[in-house]
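*Asks:* Predicted coordinates and the sequence they were generated for:
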Amino acid sequence: MAVASNSIFSTHQIIWKNPRTRFGNRFSVVSSTWGCSNEGKFDLGKSRFKFRSALEMDFEGVENLSFAGNSNEYLGLDVVFEEELKEKGFLGLRKTKLVCTIGPACYSLEELEKLAIGGMNVARLNMCHGTRDWHRDVMRNIKRLNEEKGFCVSIMMDTEGSQINVVDHGEPSSIKVEEGSVWLFTTQKFKGSRPLTVKAHYEGFSEGIMVGDELVIDGGMTSFVVVEKLGNDLRCKCTDPGLFLPRAKLSSWREGKLINYGLPTLLEKDWADIEFGISEGIDLIAVSLVNDAEAINHLKNYLSSKSSKPIKVLAKIESIESLHKLEEIVEASDGVMVARGDLGVEVPLENIPTVQEDIAHVCRQLNKPVIIASQLLESMIEYPTPTRAEIADVSEAVRQYADALMLSGESAIGSYGHKALSVLRMVSSRMELSSREENRQSLLHQCQLGTSLPDRIAEQICNCAVEMANNLGVDAIFVYTKHGHMASLLSRNRPNPPIFAFTDDGSTRMSLNLQWGVIPVLVNLSDDMEDNISTTIDLIKAKGLLEQGDAVLVVSDVAPSGACTNAFQSIQVKTID
Ligand SMILES: Nc1ncnc2c1ncn2[C@@H]1O[C@H](COP(=O)(O)OP(=O)(O)OP(=O)(O)O)[C@@H](O)[C@H]1O
Ligand SMILES: CC(=O)C(=O)O
Ligand SMILES: [K+]
Ligand SMILES: [Mg+2]
């Protein structure tokens, strides 16, 4: 019979309900998905044994066999964090999380594993590209790596949305656009390319457009004026020569004002993709082209009725409209992506840095994780080294205390995806150190979030805990959390030491992957907080990550059932003996 175990590096108790096998009081493991410790022989009398990974084992001739995991050794800690901790110590641990877009250059199991080893915390799948089967394979490969090799990579689906503004000339690389040249923007479907012709993705792209309107490509790569309307199609003359990239983004302007189409954020295809994502067990959904909080609320309601596990919903800020309703959108969502690609199509480029800073600030205030995305290391799609300006941009995002940085084309189609990831890793670590030396987190002013007394207590405890942790110079903060709330309140203060968030909820673990400075750890938690504290300290110590003399600041809010929550919120400092 086959028995599955989900814990890694653990000791298990074997409960054997049918001792009458042809092995007498012995049985053997005949196979395991991990491929190690198969063929081990175990005596009935010696009912404890160790195996090394999450696995499914086949026991020959044994019926009704089950495992009782020993909670004292049940530990789901990302192997990459573990290695980084051993190498760099607590303070050297990278706090900024890294998101990689998966594409043709990195979708194989081997490439995904290399990205995981390189520090990818979240894998982004953009539903604008690829087939259902392709996405399924990638999602399953990521889950397989997590289960079999002890990584903790979350899966984020990025919705396609209306893609109303996508135009494509059909060539694999960019095309020069000469001043005065006349181009046809068409909704006709044809294979390949035609001279001076671009295909518009959305049938209704020309609705409401008039002769004399301006069409801007990719925020200024090249511009046109509409000279003639031909049914759905537009004939346009180039007024600002430049380049047409494949899958370019178009914006339409009249008298200096953006023309708005007012389409829904989630279309039929998006709902089908979301359904598929739920069935594959994704962790996060990033919603493209969000214009208001309603789209987010609608999706969250849908998910809570359709998905048995919680899936976090992130709002992508990539339109002028979303900027007008920023606070309500951030408030409604579980996190935000500053999608600078599309944002730069609607917002003048010189405004992007301040817009980014403003969004990051609102997210900090409302305690929502924020991802800075697009063109961070764009030149590395082609070249093995970044530009100095790109390094400055990445550093600034880290300095703004973004929760996460994202690679797009750099990892999806680039020749140096792994190198780009290591650049993000190194630049983040460098800037985090510098921010710590400057004590920059002291400049973060936290507004009060909660209104109820328990919420305000939790906030105050976390604010004080971080101040204590920094002042005392403790090595780590430990927090025990069901839904990740306390962990996020600690992260919000951007403490010097890393935050180990112990949770017994797999979804909480995966969503905490996106939060600055949080190391999510899956453990069995009991109702006895003292027991949880000593068990987890022992676990981390047993891994050689804590040594005698190290100090840990412990924050707890897991309350025994039926108890008053406040009674079990506490801060303690434990020194390791
Ligand atoms: N699954 C994929 N298959 C093929 N190409 C991909 C895939 N994912 C990304 N790419 C390529 O990588 C480049 C950057 O990717 P990405 O999808 O992040 O673009 P984006 O325009 O920022 O996203 P969005 O469409 O959400 O605004 C794109 O030009 C696209 O060609
Ligand atoms: C990431 C994304 O969607 C953008 O930058 O537009
Ligand atoms: K998208
Ligand atoms: Mg976009």
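*Replies:* Great, that's in hand. Residues are numbered from 1 along each chain as shown. Ligands and ions are numbered 1, 2, ... in the order given.

*Asks:* if I pick the residue of the chain at minimum distance from ligand 2, what's in contact with it?
*Replies:* Taking C-beta to the nearest ligand atom as the measure, the chain has residue 341 as its residue closest to ligand 2, at 2.7 Å. The C-beta positions use only the backbone N, C-alpha and C, and glycine is treated the same way. The neighbours of residue 341, taking C-beta atoms under 8 Å, 6 or more residues apart in numbering as the test, are 249, 318, 373, 374, 375, 408.

*Asks:* Grab the two from those residues that are most spread out in space.
*Replies:* Using C-beta to C-beta, the contacts of residue 341 reach their maximum pairwise distance at 249 and 373, which is 14.4 Å.

*Asks:* higher neighbour count, those two?
*Replies:* When residue 249 and residue 373 are compared for neighbours, residue 373 comes out ahead with 29 against 22, by other C-beta atoms under 10 Å.

*Asks:* which residue sits closest to that one, ignoring its sequence neighbours?
*Replies:* residue 406 (3.9 Å; C-beta to C-beta, 6 or more residues apart in numbering).

*Asks:* could you pull out the strands for the stretch 351-500 of the chain?
*Replies:* Counting by DSSP state E, counting those that start in this stretch, the stretch 351-500 of the chain forms strands over residues 370-373, 404-407, 476-480, 499-503, given from the N-terminal end onward.

*Asks:* And the residue sitting nearest the centre point of the chain, what's its pLDDT?
*Replies:* A centroid search over the chain (C-alpha atoms, centre = their mean) returns residue 122, at 3.8 Å, as the residue closest to the centre. As summarised for this prediction, residue 122 has a pLDDT of 98.

*Asks:* repeat for residue 35
*Replies:* Residue 35 is given a pLDDT of 32.

*Asks:* ok, now residue 76?
*Replies:* Per-residue confidence (pLDDT) for residue 76: 86.

*Asks:* repeat for residue 50
*Replies:* Reading off the confidence values, residue 50 has pLDDT 36.

*Asks:* cool, and residue 562?
*Replies:* Looking at residue 562, its pLDDT stands at 48.

*Asks:* go on, the one 10 residues further on?
*Replies:* At residue 572 the predicted local distance difference test score is 94.

*Asks:* quick one: buried residues of stretch 167-187?
*Replies:* Using 16 or more other C-beta atoms under 10 Å as the test for burial, stretch 167-187 gives 167, 169, 175, 177, 183, 184, 185, 186, 187.

*Asks:* tell me the contacts of the residue nearest to residue 373?
*Replies:* Applying C-beta under 8 Å, 6+ apart, we find residue 406 in contact with 98, 99, 100, 101, 124, 337, 371, 372, 373, 374, 376.

*Asks:* filter the residues you listed by proximity to ligand 2?
*Replies:* Among the contacts of residue 406, the residues lying close to ligand 2 (C-beta under 6 Å from any ligand atom) are 373, 374.

*Asks:* and of the contacts of residue 406, the nearest to residue 257?
*Replies:* Looking at those and their distance to residue 257, the nearest is residue 374, at 24.3 Å (C-beta to C-beta).

*Asks:* Just give the nearest non-adjacent residue to whatever residue of the stretch 401-550 of the chain ends up closest to ligand 4, would you?
*Replies:* Using C-beta to the ion, residue 408 is the residue of the stretch 401-550 of the chain that sits closest to ligand 4, at 9.1 Å. Nearest-residue entry for residue 408: residue 101, 4.8 Å, with adjacent residues in sequence omitted and distances by C-beta to C-beta, 6+ apart.

*Asks:* What backbone torsions are found at that neighbour?
*Replies:* As for residue 101, its main-chain torsions (degrees, to the nearest 10) stand at phi -80, psi 130.

*Asks:* who touches stretch 342-349?
*Replies:* Outside stretch 342-349, the residues touching it (C-beta under 8 Å, 6+ apart) are 165, 216, 218-220, 249-251, 258, 288-289, 316-320, 323, 352, 355, 374.

*Asks:* So it, near ligand 3 or not?
*Replies:* No. Counting by C-beta under 5 Å from the ion, no contacts exist between stretch 342-349 and ligand 3, the nearest distance being 8.8 Å.
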